[in-house]
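J.: kindly return the folded structure for what I paste below:
(one chain, ligands or ions: 1)
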Amino acid sequence: MTDEPAAEAAQATPADPNADCPHCGKRRALCVCEGITPIDNTVALLILQHPQEQDRDLGTARLTALHLKHAQLKIGLSWPSLSKILGRPTDPQRWAILYLGSVKAEAVAPGRDVVVVNKNGNAVEDQETALREIEGIVLLDGTWSQAKTLWWRNPWMLKCKRVVLGPKRPSRYGKLRREPRSDGLSTIEAAAMLLARLEGKPEIAAALNASFERLLARYREARPTSPPHPRPWRRSRHKPKHRQ
Ligand SMILES: [Zn+2]
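T.: Numbers count the residues shown, from 1 in each chain. Modelled structure (predicted):
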């Protein structure tokens, strides 16, 4: 039971833009997944999402996975091993996790956008070899503190390589999100940077970032700029009433 059923009914719009898209999980007004052609990525992607990550509007984990043929999204708090998650024997040392610590790429390897660091937070010596060895990437999806929880609950992550990012530009999120990760990037931007670099294919980054920009444009368009007063003149302009 809601306190104000009348108010809620008044806000329902004719074309029901709140209906979820079965693919990206977003409300229809924010769905940008139509027409995405999955990329045949060589470096696999595993996104682990904290169960309480609830940014259905601006979260990008599912959208990222839709872009890639070899990507998995798992929601949970802990898993016994990487092999268990993937369902096949895997050497975690051939996988890299986007590291959450305070290491700054610019400080440890100036000029590099993707840096492999050791447990002390220093850049490993032979970066190119270390990058070439990476078969898959693990991204933790959620707020910074949720990602931190995932890190501490999954000791197998300590066996993975660690990578940090030195993005040349700030996240496209801009001011829309208050709690960015330490590198400030969204999951889709981080995946874009990593896969494009590891595979030497800038087109991967272009495709993922373009989707993200479309999502942000939709979001800016769809979100109310003021408290939700009924604005029939505006609604009727976009969604004429044709209700059965
Ligand atoms: Zn969708």
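J.: enumerate every residue touching the spatially most central residue of the chain.
T.: In the chain, the residue lying closest to the centroid (Cα atoms, centre = their mean) is Thr187, at 2.5 Å. For Thr187, the contact set (Cβ atoms under 8 Å, 6 or more residues apart in numbering) comprises Ile47, Gly59, Thr60, Ala61, Thr64, Leu139, Asp141. To be clear about C-beta, it is placed using only N, CA and C from the backbone, and glycine gets the same treatment.
J.: lowest pLDDT pick from those residues?
T.: Least confident entry in the contacts of Thr187, by pLDDT: Gly59, with 90.
J.: surely that one is within a strand?
T.: No - assessed with DSSP: H, G, I helix; E, B strand; the rest coil, Gly59 is coil; it does not lie in a strand.
J.: so the residue found closest to it once you drop the neighbours it is linked to in the chain is in which element?
T.: If the residues on either side of it in the chain are set aside, Gly59 comes closest to Glu53, at 6.2 Å by Cβ to Cβ, 6 or more residues apart in numbering. Using DSSP states H and E, Glu53 maps to neither a helix nor a strand.
J.: what confidence value was assigned to Glu53?
T.: 83.
J.: pretty sure it sits against Ser145.
T.: No - in this structure, Glu53 is not within contact of Ser145 by Cβ atoms under 8 Å, at 10.9 Å.
J.: have a look at the two and say which one is more surrounded.
T.: Per other Cβ atoms under 10 Å, whichever of Glu53 and Ser145 has more neighbours is Glu53, with 18 against 9.
J.: measure that one to Ala222 for me?
T.: Here Glu53 is placed at a distance of 20 Å from Ala222 (Cβ to Cβ, to the nearest Å).
J.: quick one: secondary structure of Ile97?
T.: Classification of Ile97 by three-state DSSP places it in strand.
J.: am I right that it is in contact with Val164?
T.: No - contact criterion Cβ under 8 Å: Ile97 and Val164 do not qualify, at 10.3 Å.
J.: as CSV, the contacts of Thr187 with distance to Pro170 and neighbour count would be great.
T.: Listed next are the contacts of Thr187 as CSV, based on distance: Cβ to Cβ, whole Å; neighbours: other Cβ atoms under 10 Å:
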residue, distance to Pro170, neighbour count
Ile47, 22, 24
Gly59, 19, 22
Thr60, 16, 27
Ala61, 20, 26
Thr64, 19, 27
Leu139, 19, 24
Asp141, 19, 26
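J.: go through the residues you listed and name the one nearest Thr149.
T.: Asp141 (11.9 Å; Cβ to Cβ).
J.: residues contacting that closest one?
T.: Residues counted as contacts of Asp141 (Cβ under 8 Å, 6+ apart) are Ile47, Leu48, Gln49, His50, Glu53, Gly59, Ala61, Leu73, Ala147, Thr187.
J.: got it, and Arg153?
T.: With Cβ under 8 Å, 6+ apart, Arg153 has these contacts: Leu77, Ser78.
J.: and if you look at the one 4 residues further on?
T.: Shown in contact with Met157 (Cβ under 8 Å, 6+ apart): Pro92, Ile97, Val138, Trp151.
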